[in-house]
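Chemist: Show me how the following folds:
(one chain, ligands or ions: 1)
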Amino acid sequence: MGTLVLLRHGESVWNAEGLFTGWVDVDLSTTGEEEARKGGRLLHDADLRPDIVHTSVLRRAIRTADIALNAADLHWLPVHRSWRLNERHYGALQGKDKAQTRKEYGDDQFMVWRRSYDTPPPPIADDDTYSQVGDRRYADLPPELMPRTECLADVVERMLPYWYDSIVPDLAAGRTVLVTAHGNSLRALVKHLDGIDDATIAGLNIPTGIPLVYDLDDAFRPRTPGGTYLDPDAAAAAIEAVKNQGKK
Ligand SMILES: O=C(O)[C@H](O)COP(=O)(O)O
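Modeler: Take a look at the predicted model:
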């Protein structure tokens, strides 16, 4: 029931520099801003008109929604933000260079930290420059919910309440819903939607800035498994680039 559009934020400054980002609040690069505009134009050209937007509390997703909506002439839409749509907290890897980490710890450990379903990176110390402890935007979060690291299973667990409580009701009301979020929070959502098993999800990557459209049935399951990218060729190339991060 309803149409769901998923949009990963455009390239961020730290994506461009090859750094693990997680909950660090970095901005879009100029390439990322252009990707967001292109994402909005793709929506417009496909005649897809979201009625409502859900995004994280991180600047790269918020700005992507803003730029894309502006390009689609939908800048006036209501937007809801939640920490539950944030990127996966990357623990002590936040701020670290992906290629260097891969060299230092080896391919296997690197991939376990990036893509295993249930092994989180080591936790970040509260006094680390890239810790979010004390960040005002999380002041209302019960302390036991504030992550110091997360694996994808943790993201599924904290994202799903938002899916059921905030996004599904919009879909049930017949709205077209745009979710502008992050590589791993969207992987968590796609895992749920498509019923992907814990091992197979390791091979799924989400490209930046290309809308992925899901037509949902009455049980809020995709009519077309995997959904449809509005620019499939660009998506395939960008997916390959995400996969190869850290291999420079
Ligand atoms: O947080 C990050 O570093 C990226 O946005 C996602 O990174 P990944 O593709 O290495 O998980």
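Chemist: Low-confidence bits of this structure, can you list those?
Modeler: 248 (pLDDT under 70).
Chemist: what's the spacing between the residue nearest to Gly174 when sequence neighbours are not counted and the ligand?
Modeler: Leaving aside its sequence neighbours, Gly174 sits nearest to Gly2 (CB to CB, 6 or more residues apart in numbering; 6.0 Å). In short, each C-beta sits where N, CA and C put it, glycine included. Distance from Gly2 to the ligand, counting by CB to the nearest ligand atom, to the nearest Å: 27 Å.
Chemist: do Asp135 as well
Modeler: 16 Å.
Chemist: likewise Lys96?
Modeler: Counting by CB to the nearest ligand atom, the separation of Lys96 from the ligand is 9 Å.
Chemist: swap in Arg49?
Modeler: Distance from Arg49 to the ligand, by CB to the nearest ligand atom: 28 Å.
Chemist: what's near enough to touch the residue nearest to that residue when sequence neighbours are not counted?
Modeler: Distance criterion CB to CB, 6+ apart; nearest residue to Arg49, sequence neighbours excluded, is Thr176 at 6.3 Å. Contact analysis of Thr176 by CB atoms under 8 Å, 6 or more residues apart in numbering lists Gly2, Thr3, Leu4, Val5, Leu48, Arg49, Pro50, Asp51, Ile52.
Chemist: Phi first, then psi, for Arg175.
Modeler: phi -80, psi 150 (degrees, to the nearest 10).
Chemist: contacting residues for it?
Modeler: With CB under 8 Å, 6+ apart, Arg175 has these contacts: Gly2, Pro50, Asp51, Ile52.
Chemist: what number of residues lie near the closest residue to the ligand within the chain?
Modeler: Per CB to the nearest ligand atom, Thr21 is where the chain lies closest to the ligand, at 3.6 Å. For Thr21, the number of neighbouring residues by other CB atoms under 10 Å comes to 24.
Chemist: what do you get for the one 3 residues further on?
Modeler: For Val24, the count of nearby residues is 20 (other CB under 10 Å).
Chemist: ditto for the one 5 residues further on
Modeler: Per other CB under 10 Å, the neighbour tally for Ser29 reads 19.
Chemist: Would you list the phi and psi of the residue of the chain most remote from its centre?
Modeler: Going by CA atoms, centre = their mean, the residue of the chain most distant from its centre is Glu104, 26.7 Å out. Main-chain dihedrals, Glu104, degrees, to the nearest 10: phi -70, psi -40.
Chemist: same check, this time on Thr21
Modeler: Torsion angles, degrees, to the nearest 10, at Thr21: phi -110, psi -60.
Chemist: and the nearest residue to it once chain neighbours are set aside, what is it in contact with?
Modeler: Among residues not flanking Thr21 along the chain, Trp14 sits closest, at 4.5 Å (CB to CB, 6+ apart). Contact analysis of Trp14 by CB under 8 Å, 6+ apart lists Phe20, Thr21, Val24, Val26.
Chemist: Trp14 looks like it's in a helix, true?
Modeler: Yes: Trp14: assigned to a helix according to DSSP: H, G, I helix; E, B strand; the rest coil.
Chemist: Distance from the chain centre to stretch 159-178, please.
Modeler: In terms of CA atoms, centre = their mean, to the nearest Å, the centre of stretch 159-178 is found 16 Å from the chain centre.
Chemist: Does the biggest helix by length in the chain reach the ligand?
Modeler: Secondary structure of the chain read by DSSP state H shows that its longest helix is helix 30-45. No: Helix 30-45 lies out of reach of the ligand by CB under 6 Å from any ligand atom, never closer than 11.1 Å.
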